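Enquirer: Starting from these lines, generate the structure:
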Amino acid sequence: MNRAAGFIAGFLILVPSALWNHVHNSHHAITGNLNRREDNPGTFILTTEEYEARPLWSRLLYRFTHSVFFRLTFLPLSFFLVGRIPYPKLGRVVTKSVLIHNVIYGVLLAGIIALDGF
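Expert: Purely as a prediction, here's the structure:
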């Protein structure tokens with residue numbers, strides 16, 4: 001039942017549930033572990049010493065990518081776009097889920113274009 005609900009909800013918000021589960025679970029597995037922060041860019045945090053040692057442009061980029069504006073605009077858009085690309089490293093289940101969602105979206109889009117024209 002949870003998988004079916006996840007598939008439907010993922011379809012409605014345009015993010016495959018298997019992809020979301022993988023990203024979310026790895027976020028919780030890695031958060032707070034500075035030695036593994038490169039494994040999940042969404043939780044990339046610098047120590048104060050690392051931040052202060054960076055050049056100005058890098059500090060400004062870091063601040064921008066951690067701002068509320070970025071997290072409410074660019075981050076969801078990038079997650080949607082990246083979520084359309086099958087990434088075999090994430091495993092067969094995630095790749096299959098992404099491909100199934102892409103096919104369904106393609107069929108629906110083709111149907112809408114066929115019915116309404118372009």
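
Enquirer: Excluding its own residues, what touches the longest helix seen in the chain? List them.
Expert: If you go by DSSP state H, the chain has its longest helix at helix 92-116. Residues outside helix 92-116 that contact it (Cβ atoms under 8 Å, 6 or more residues apart in numbering): 7, 10-11, 14, 16-19, 22, 83-88. Every C-beta, even on glycine, is put in place using the N, C-alpha and C of the backbone.

Enquirer: relative to helix 92-116, how tilted is the one helix or strand in the chain whose mean pLDDT sits lowest?
Expert: None of the helices or strands of the chain scores lower by mean pLDDT, DSSP states H and E than helix 74-82, at a mean of 79. Angle, helix 74-82 to helix 92-116, by axes from the mean of the first three to the mean of the last three Cα atoms, to 10 degrees: 90 degrees.

Enquirer: Off-centre distance for helix 74-82?
Expert: Mean-position distance between helix 74-82 and its chain equals 6 Å (Cα atoms, centre = their mean, to the nearest Å).

Enquirer: That's all I had, so thanks and see you.
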